[in-house]
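**Q** Mind folding the following:
(2 chains)
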Amino acid sequence: MSLALYNTLTRRKEPFEPIEPGHVRMYVCGPTVYDEPHLGHARAAIAFDVIRRTLEALGMRVTYVRNVTDVDDKIIARAAEGGRSPWEVAEENTRAYDDAMRALGVRPPTLAPRATGHISDMLRLIGVLVERGFAYTAGGDVYFSVERSGGYGRLSNRTLEEMRAGERVEPDARKRHPMDFALWKAAKPGELSWPSEWGEGRPGWHIECSAMSMKYLGETFDIHGGGLDLIFPHHENEVAQSTGATGSGFARFWLHNGFVTVNREKMAKSLKNFVTVREMLGAWPAPALRYLLVSAHYRSPIDFSPEAVEDAAGAWRRLAGFARNAGAALASAGAAVPGAAPALGALLPGARIGTSGTEGGEWRERFAAALEDDVGCPEAIAVLFDLVASANRMIERAESRASELAAALGAFRDLAAVLGLDPGAWDAPRRGGSLAPAVELLLRVREEARAARDFARADEIRSALADSGIVVEDRPGGPRWYLAG
RNA sequence: GGCGGUGUGGCCGAGUGGCUAGGCAAGGGACUGCAAAUCCCUGCACCCCGGUUCAAUUCCGGGCGCCGCCUCCA
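**A** Okay, here's the model as predicted:
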């Protein structure tokens, strides 16, 4: 089997092959940094993080570009409210975004270009569009002419007539067609601006993605992604601009992630029903959040609620518990414990899910097949749980060979890593070890109490540790402890 | 109104023309000083109405509900 992806452009699943064999070029619309990231941003970033890891795990090299929109009306407005500069606002929120994504195990893209660093590229592109007759000036503004663009509306599957029928905004008198959109906006006095042959101004929103994607990935590249809400007008306009300027095709596959909803409604600033990543991380373990956002197919909505996160946390505990138990079982059998998958954030292929012939080949094959079908994470997760149940039975039954369990754990780590859910990778950073001597002393005291059948004292110690986030399990071979979460 | 998506057991969430994923929660059992973790067992789901078929949750037609987009939006 080979990889198939759902392409918004054709509204079908299509076999995917990169233009350059073995090398995928992918561009995803990143955040507009006017506020701190909410769960919706996390969902998008994680969706494409998993897509990227999947491509890599299937043996492809991925050049992944995700932009930062750091010039925009909302940033300017936010700056004005706080009496700060737009630069400051953008900088602060870019940092908040990066921190949040790192905490959720989202690997940094290959490149994260900022709009303000590419003004000259945008001006050049606008110049070409004006030259070729796809754009016109009106005052200090430059507009793109949708009527000049062949096939405008193809991506969002609607015609210009249909769009006009649904018009909700008063047409701007300076536009030739109501759907024409700004490539360059004349600066208002005192506003952030750059010089151009059309006067002082700043770029429209859509042109930055055309300029930056083509600069780093070429005129035609493999995958362009973003949230479902960007299909129209943002991506439609990108297509129009880019194909207008180059005369050749733009992105071949368009991938769009579904929303995070609250009470089945889109999470959005305007509805005031959003939850920031920071708030979430304060209340729940990061891997539980990541699990929640990976557990649904990337195109489906995920309805957020405290119960949903609680369920995800439970599922995550089962996965993490398995890695712990299997590791301990192997160690006590004197067998080698498979190493953790590459650390989070490492610019390395997410995993080695190589198929038949390898240890744990059957699970690897099923897992790969799930992801090859339009990145079917729910199915892939089901394989992971099947593996866990099966390997737990090996642990339970003493007659199982250590080599078999080691293969299962190795496969588990490799496969979970494709989803960014390898427990080893999450545990490593916080295994400071500074707690260990104190905890182990308490556990020795507790063992003495248990030996003396002073269970009140033993339970007291256990619950005191629990209050500090340390879970104690009494095993046949003695107590074991770990950090909760 | 146009376009797109979606409707599965208490909840989340795959999938399939008959052999009916997975997780969480729940109940019972094993293990344990008690727990925890783990294992075993249990619950007979597919919006409605027609049609095709030996057989439909799965295919076709119609209807209804919900969600999204229609120049803020991941």
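**Q** can you tell me if stretch A:212-231 touches RNA strand B.
**A** Yes: Stretch A:212-231 is in contact with RNA strand B by CB under 7 Å from any atom of the strand, via A:G226, A:G227, A:L228, A:D229, A:L230, A:I231. Where C-beta positions appear, they are placed from N, C-alpha and C, glycine not excepted.
**Q** what's the closest residue in space to A:K266 that isn't next to it in sequence in contact with, if anything?
**A** Leaving out its chain neighbours, the residue that sits closest to A:K266 by CB to CB, 6 or more residues apart in numbering is A:F259, at 4.8 Å. Going by CB atoms under 8 Å, 6 or more residues apart in numbering, A:F259 touches A:G40, A:R43, A:G227, A:L228, A:D229, A:K266, A:M267, A:P301, A:I302.
**Q** Report the buried members of those.
**A** The neighbour-count test (16 or more other CB atoms under 10 Å) marks A:G40, A:R43, A:G227, A:K266, A:M267, A:P301, A:I302 as buried among the contacts of A:F259.
**Q** Please tell me I have it right and the fifth one contacts A:M280.
**A** To tie it back to what came earlier, the one meant is A:M267. No: using CB atoms under 8 Å, A:M267 makes no contact with A:M280, being 11.7 Å away.
**Q** Common neighbours of the two, please.
**A** Residues touching both A:M267 and A:M280 (CB under 8 Å, 6+ apart) are A:L39.
**Q** Setting aside sequence neighbours, what's the nearest residue to whatever residue of the stretch 101-250 of chain A ends up closest to RNA strand B?
**A** Residue of the stretch 101-250 of chain A nearest RNA strand B, by CB to the nearest atom of the strand: A:G227 (1.9 Å). Counting by CB to CB, 6+ apart, A:G227 lies nearest to A:A44, which is 5.2 Å off, once chain neighbours are set aside.
**Q** Can you tell me the SS state at that neighbour?
**A** Assigned state for A:A44: helix (three-state reduction, DSSP: H, G, I helix; E, B strand; the rest coil).
**Q** what's the burial count for A:K269?
**A** Using other CB atoms under 10 Å, the number of residues around A:K269 comes to 12.
**Q** Going by length in residues, pull out the top helix of chain A.
**A** Scanning chain A for the helix with the most residues, using DSSP state H, yields helix A:306-332.
**Q** Could you list the domains of chain A?
**A** According to automatic domain parsing, chain A comprises the domains A:4-136+A:149-161+A:208-257, A:325-429, A:436-483.
**Q** And the average pLDDT for the longest one is what?
**A** pLDDT averaged over domain A:4-136+A:149-161+A:208-257 equals 95, rounded to a whole number.
**Q** end-to-end on it?
**A** End-to-end distance for domain A:4-136+A:149-161+A:208-257, by CA to CA, to the nearest Å: 16 Å.
**Q** centre of the chain versus it, how much separation?
**A** 13 Å (CA atoms, centre = their mean, to the nearest Å).
**Q** Can you verify my assumption that the residue nearest to A:G227 contacts A:L230?
**A** No: with contact defined as CB under 8 Å, A:A44 does not reach A:L230; the gap is 9.3 Å.
**Q** So for these two, which residue has more residues nearby?
**A** Neighbour count, other CB under 10 Å: between A:A44 and A:L230, A:A44 has more, with 30 against 21.
**Q** give the contact list for the more buried one.
**A** By CB under 8 Å, 6+ apart, the contact list for A:A44 reads A:V28, A:G226, A:G227, A:N257.
**Q** Tell me which stretches of the stretch 1-150 of chain A form helices.
**A** Listed in chain order, the helices of the stretch 1-150 of chain A (DSSP state H, counting those that start in this stretch) span A:39-57, A:73-82, A:86-103, A:119-131.
**Q** Show the contacting residues for the residue in the stretch 1-150 of chain A positioned nearest to RNA strand B.
**A** The stretch 1-150 of chain A approaches RNA strand B most closely through A:G40 (2.4 Å), counting by CB to the nearest atom of the strand. Neighbouring residues of A:G40 by CB under 8 Å, 6+ apart: A:G227, A:F259, A:V260, A:K266, A:M267, A:A268, A:F274.
**Q** least trustworthy position among those residues, going by pLDDT?
**A** Lowest pLDDT among the contacts of A:G40: A:A268, 86.
**Q** Report the secondary structure state of it.
**A** Using three-state DSSP, the three-state assignment for A:A268 comes out as coil.
**Q** Pretty sure it sits against A:F274.
**A** Yes: with contact defined as CB under 8 Å, A:A268 reaches A:F274; the gap is 6.5 Å.
**Q** Have a look at the two and say which one is more surrounded.
**A** Counted by other CB under 10 Å, A:A268 and A:F274 do not tie: A:F274 has more neighbours, with 20 against 16.
**Q** now the domains of chain A in TSV, with distance to A:V309?
**A** Listed next are these as TSV, based on distance: least, CB to CB, whole Å:
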stretch	distance to A:V309
domain A:4-136+A:149-161+A:208-257	10
domain A:325-429	15
domain A:436-483	18
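**Q** and whatever helix or strand comes next after the longest helix of chain A, what does it pack onto?
**A** Downstream of helix A:306-332, the next assigned helix or strand under DSSP states H and E is helix A:361-372. With contacts taken as 3 or more CB pairs under 8 Å, 6 or more residues apart in numbering; DSSP states H and E, helix A:361-372 sits against helix A:39-57, helix A:377-396, helix A:402-418.
**Q** Good, wrapping up.
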